[in-house]
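> With the input below, show me the fold.
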Amino acid sequence: MAKLSRIFGVLLAGTGAAHFAAPSAFEPLSEAAFPEDTRQWVYRNGATEVALGLALVSDRTRKAGVAGLLAYTGWLASRVMVNR
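Numbers count the residues shown, from 1 in each chain. Got it, this is the predicted structure:
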């Protein structure tokens, strides 16, 4: 399980970093949850995903990373529902 968490963490952190390298690729998806200031939210979400991904990589921070990821996922879903 720890190895799978590490792999997922690296992938999540890489996806977060991609928000900075190619923000326009994430804007159409982000616009559903953040119709105003979409580009700024792309960067904020990228930073969050990098932090959560790195938290999943380490045994010491994995529980906090999982809790943060669950909260972040719920928050994103609520943003989409509010802005439908």
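> use CA for all of it now, contacts and neighbours both
Fine.
> Just the mean pLDDT for the one helix or strand Pro28 maps to, thanks.
Taking DSSP states H and E as the definition, Pro28 sits inside helix 23-31. When pLDDT is averaged along helix 23-31, the result is 96.
> Pull out the buried residues from it.
For helix 23-31, burial by neighbour count (16 or more other CA atoms under 10 Å) applies to Pro23, Phe26, Glu27, Ser30, Glu31.
> can you check stretch 38-45 too?
So, applying 16+ other CA under 10 Å, buried residues of stretch 38-45: Thr38, Arg39, Trp41, Val42, Tyr43, Asn45.
> so which strand or helix has the residue nearest to the last one when sequence neighbours are not counted?
Using CA to CA, 6 or more residues apart in numbering and skipping residues adjacent in sequence, the residue nearest Asn45 is Gly16, 7.1 Å away. For Gly16, the host element (DSSP H and E) is helix 2-21.
> What of Ser78?
In this assignment (DSSP H and E), Ser78 forms part of helix 62-82.
> Helix, strand or coil: sort out Phe34 for me.
The three-state assignment at Phe34 reads coil, by DSSP: H, G, I helix; E, B strand; the rest coil.
> Please name the nearest non-neighbouring residue to it.
Excluding its sequence neighbours, the residue lying closest to Phe34 (CA to CA, 6+ apart) is Trp41, at 6.8 Å.
> which residue is nearest the middle of this protein?
Glu49 (3.2 Å; CA atoms, centre = their mean).
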